[in-house]
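Undergrad: model the following, please.
(chains A and B)
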Amino acid sequence: MNKSLIANLGIGLGLVAILAFLILQTRAVDFEAQNEIVSSLRHLKQIDAEWSADVLRSKTGLNNNYDQIASPLPVIQSLEEALQSRTSAFWGGHDVGDSRILPLLQDSRQTMGQKIELIEHFKSQHAILRNSSNYLPTAAREAIASLEKEPASLRSQIAQEIDALLISTLIYISTSDNTVADKIAADLDTLKQSLPQLSGEAAERVAGFAAHVATVVKRETTSNTLLAELSALPTAQKIDALGNAHAEEHNNLLIAQQRYRLALIIYSSLLLFGLAFAGWRLYNSYRLLNATNAELNKTYHELKESQVYLVQSEKMSALGQMVAGIAHEINTPLAYAKGTFELLREQVAPLVDLADQSVLFAKMLRIPKTERDYDASLQQFLEFEKISRQIHDSHIMEMLDQLLNDGIHGIEQISEIVSNLKNFSRLDRARISEFSVEEGLNSTLQLANNLLKNRVEVRRKFGNVPKIHGSPSQINQVFLNLITNAVHAMPDDHPGVITLCTDMADDNTVRVEIMDNGSGIPADVLPKIFDPFFTTKEIGKGTGMGLSISYKIIQEHGGRILVDTEMGGGTVFTILLPIKPQEINAESAVLA
Amino acid sequence: MHNPVEMGSNWPEVLAKLELDDAMLKAFKDAYPDGLQAKNIQDAIAAFERSLITPNARFDKYLRGDQTALSADELQGYRLFKQYGCIACHQGVNVGGNMFQQFGIMGDYFKQRGNLTEADLGRFNVTKSPADKHFFKVPSLRNIALTAPYFHDGSARTLNDAVDVMFKYQLGRSAPAQDKELIIQFLHTLTGELHGKPLAAAATTAAAAQGK
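TA: Residues are numbered from 1 along each chain as shown, chains lettered A, B, ... in the order given. Modelled structure (predicted):
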């Protein structure tokens, strides 16, 4: 059962997981984020292009300062950071994000980083180049001017060399021709060889000029290289590649999403269909269950009804077994009453005589005195007197009264037995009333009197316990059952003693103990004594239902019945009954 | 502050270091009721950064058309500043600050100075590119008269020293002392205003702080 529950739970979780997966896969693609990424890329590309143009403008001298070139830097940085975070957010959780988009983004950022470095270097080189090339004509003029004190031939030779270098350098700046650069390098060497022939200040001036020429050539070459690298740097291509990859993957995402959406529709339809099927089956099961339930209920009520009659028949069976005893029990007071009445009849005879004599005496008194026979009259009077005195002296009237009392007593005894019998045998359903267990025990003992008489000594140790709520006839039935069992357990060879004790087990529980000194219950029988139809008596002597029904009755009163037995030592049945049961189930109390 | 390229630090570390400085503790105690706290440090740095926006220098007024804002000498200094080529690097709105440049183009400044330190490598420390060795950010010359000493190594005590070094190693040319004097006069016109007042008052504080 537990295993199937776990299996069902597993299947349910699996189905829900598939559903969740499909829903997750079909969650809306964030078009806004996608648009932001695309527009950031476009913006970046535009800035990149403008930036390259600005660099060229600086190179050609159209830009006076680098503010223009420096200004895109923070924009590029913030755009790239925004792109990074948006791209990570958008592609986070998708495989293509890590495998394709983010590497392309890294690549693009790296290329952009290279571009930034190249442009920084270009700015540095270009600033120096501009300065030196601006200063070059002045430096040449100053150098030539400083040659004044030198010998004329040397002066004109060096001045010529300086002029030639100045021109070559200016040519190189505008053409970037490598052969010119080579020529300048050679000319510079020649000029430097002449330097030792010059005096202090002239040498310094000429060397300064040479240094600036060298600087111009070096910086021009470097900045040209930088510009060539810059134009070769595929920033735009990288951005395009990123944009294309992004668009492509976004498209794939949409297609996949559509596919998953279709799958979701099919899957949820199947799930819905399955649920409907399960619901239909559940409904059918419920209908079947309800029908079975109704049938069971009906059967249960029928069983209850037959149980009522079973209990009744058990009771009647118990009574049947005792009927001879009870007849004898009635016989005793009956004989007693009969004897009394016979005696009465004897005692009444003198009264008949008295009545006869009284009538004769009265008749005589009615004869007038003149006609009256005196002797006869006297005789009559004496007779009358004698009988009256006899009756008076023998206290017949008191005796009659006594006899009548005795007769009524005998009849009352019979009446009481009959009343107990009637009470006991009544088929009363759940008549809950206040009931004294001690009175119940007394009444039961009276019914069983014939069974006990001359065989068993009954000892009562009543604790004057309070009345309980319960069905008197049911509880009396239990008492009778237990007392009868006790008597039957008595061996014939020693005097039997049944002890009935009542006391309080606790504040709300009455304890009744029915103890015998009989044979005890064998261990192999003990577990079965409360089973229905179990009996140790001969066939026809018991139904086997007694203890089973007793058990049921006490249980339904919210009480317990316990047994303690010792082979050869006797048995104690203990009944615990609540004074106020929590709830006597009206339904179960149908048991009568 | 947490950025590894910037400070690469954290508040507990910063607070622990600042608490060792009694003067710093006292200054914070004077400025804030609850003394040295992370939030107060942030506030102080923000106040400092706001103070960096110092518009309305006399040179700005001149550029806006106020011909009387600069004296004849200062105007001559401005012309020399352009003519000698300072402007090649110290350019743009902030008179510098928009590019990197090698320190020692026309001569080896570091060899001359000696005691090479890691800081002398400049931008190389950030990019690790050999091409960036001894490259530094060209500083803005605004308020330059108030921010001695000069250069990353603080080797130039005065503007005169700084201008001399610039001529020798960056421009590779010599100039008469009078021209340099005029250029320095021009540099003084770049001192701006804070809260509508010229920055001169702040200069004494800065100088005093420097003196400690």
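
Undergrad: from A:Thr215, how far off is the residue in the stretch 101-250 of chain A that chain B sits nearest to?
TA: Among residues of the stretch 101-250 of chain A, the one nearest chain B by CB to the nearest CB turns out to be A:Asn131. It sits 3.8 Å away. Where you see a C-beta, it was placed from the backbone N, CA and C, and this is true even at glycine. Remark: distance between A:Asn131 and A:Thr215 (CB to CB, to the nearest Å) = 9 Å.

Undergrad: interface residues of chain B facing chain A?
TA: B:85, B:88-89, B:91-93, B:98-102, B:105-106, B:127, B:129, B:131, B:135, B:171-173 (CB under 8 Å from any CB of the partner chain).

Undergrad: ok, back up a step: just want to know which of A:Asn131 and A:Thr215 has more residues nearby.
TA: Comparing A:Asn131 with A:Thr215 by neighbour count (other CB atoms under 10 Å in any protein chain shown), the higher total belongs to A:Asn131, at 26 against 20.

Undergrad: one step back: got phi/psi on the residue of the stretch 101-250 of chain A closest to chain B?
TA: Note on A:Asn131: its backbone torsions stand at phi -60, psi -50 [degrees, to the nearest 10].

Undergrad: might one say that it is in contact with B:Leu171?
TA: Yes: between A:Asn131 and B:Leu171 a contact is recorded at 6.7 Å, counting by CB atoms under 8 Å.

Undergrad: between these two, what contacts are shared?
TA: Applying CB atoms under 8 Å, 6 or more residues apart in numbering or on different chains, one finds that A:Asn131 and B:Leu171 are jointly contacted by B:Gly85.

Undergrad: what is the burial count for B:Val95?
TA: When neighbours are counted by other CB under 10 Å, B:Val95 registers 23.

Undergrad: so how far is chain A from the nearest residue to it once chain neighbours are set aside?
TA: What sits nearest to B:Val95 in space, not counting adjacent residues and going by CB to CB, 6 or more residues apart in numbering or on different chains, is B:Leu141, at 4.2 Å. Applying CB to the nearest CB, to the nearest Å, the value for B:Leu141 to chain A is 13 Å.

Undergrad: right, and the secondary structure at B:Leu141 would be what?
TA: Three states are possible here, and by DSSP: H, G, I helix; E, B strand; the rest coil the one that applies to B:Leu141 is coil.

Undergrad: per-residue confidence for A:Tyr260?
TA: At A:Tyr260 the predicted local distance difference test score is 88.

Undergrad: likewise A:Lys422?
TA: If you check A:Lys422, the pLDDT there is 72.

Undergrad: next helix or strand past the helix or strand harbouring it?
TA: A:Lys422 belongs to helix A:396-425 when elements are defined using DSSP states H and E. Beyond helix A:396-425 on the C-terminal side, the first helix or strand identified by DSSP H and E is strand A:433-435.

Undergrad: in stretch A:466-479, what's buried?
TA: A:Ile468, A:His469, A:Gly470, A:Ser471, A:Pro472, A:Ser473, A:Gln474, A:Ile475, A:Asn476, A:Gln477, A:Val478, A:Phe479 (16 or more other CB atoms under 10 Å in any protein chain shown).

Undergrad: make a markdown table out of those and add pLDDT.
TA: Conversion of these to a markdown table gives the following (pLDDT from 0 to 100):
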| residue | pLDDT |
| --- | --- |
| A:Ile468 | 88 |
| A:His469 | 85 |
| A:Gly470 | 83 |
| A:Ser471 | 80 |
| A:Pro472 | 80 |
| A:Ser473 | 78 |
| A:Gln474 | 81 |
| A:Ile475 | 85 |
| A:Asn476 | 84 |
| A:Gln477 | 83 |
| A:Val478 | 86 |
| A:Phe479 | 88 |
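
Undergrad: which of these sits closest to chain B?
TA: Distances from these to chain B were compared by CB to the nearest CB; the smallest belongs to A:His469, at 78.1 Å.

Undergrad: my read: B:Ser51 touches B:Leu194, true?
TA: Yes: under the criterion of CB under 8 Å, B:Ser51 lies in contact with B:Leu194, with a separation of 5.7 Å.

Undergrad: tell me which of those two has more neighbours.
TA: Here B:Ser51 and B:Leu194 are set side by side on neighbour count (other CB under 10 Å), and the busier one is B:Leu194, at 17 against 12.

Undergrad: for the more buried one, grab phi and psi.
TA: Dihedral angles phi and psi of B:Leu194 (degrees, to the nearest 10) take the values phi -120, psi 130.

Undergrad: what pLDDT does it get?
TA: At B:Leu194, the predicted lDDT confidence score is 78.

Undergrad: ok, it to B:Ala47 distance?
TA: Plainly put, B:Leu194 is 11 Å away from B:Ala47 if you go by CB to CB.

Undergrad: so the one residue in the stretch 251-400 of chain A that gets nearest to chain B is in which element?
TA: Closest approach between the stretch 251-400 of chain A and chain B, counting by CB to the nearest CB: A:Leu253, at 34.1 Å. Using DSSP H and E, the element containing A:Leu253 is helix A:235-366.

Undergrad: how far off helix A:396-425 does that helix point, in degrees?
TA: When axes from the mean of the first three to the mean of the last three CA atoms, to 10 degrees is applied, the directions of helix A:235-366 and helix A:396-425 differ by 160 degrees.

Undergrad: now A:Ala376: how far from A:Ala355?
TA: Going from A:Ala376 to A:Ala355 by CB to CB gives 20 Å.

Undergrad: pull the distance from stretch A:554-574 to the chain's centre.
TA: Here stretch A:554-574 is found 41 Å from its chain centre; the criterion is CA atoms, centre = their mean, to the nearest Å.

Undergrad: what about that stretch, average pLDDT?
TA: If you average the pLDDT over stretch A:554-574, you get 87.

Undergrad: stretch B:89-96 too?
TA: Rounded to a whole number, the mean pLDDT of stretch B:89-96 is 89.

Undergrad: in it, what's buried?
TA: Within stretch B:89-96, the residues that count as buried by 16+ other CB under 10 Å are B:Cys89, B:His90, B:Gln91, B:Gly92, B:Asn94, B:Val95, B:Gly96.

Undergrad: straight-line length of that stretch, end to end?
TA: Between the start and the finish of stretch B:89-96 there is a gap of 6 Å, counting by CA to CA, to the nearest Å.

Undergrad: ok so, going back, burial of the closest residue to the residue of the stretch 101-250 of chain A closest to chain B other than its chain neighbours, as a residue count?
TA: The spatially closest residue to A:Asn131, leaving aside those adjacent along the chain, is B:Gly85, at 3.8 Å (CB to CB, 6+ apart). Applying the criterion other CB under 10 Å, we find 22 residues in the vicinity of B:Gly85.

Undergrad: all set now, cheers.
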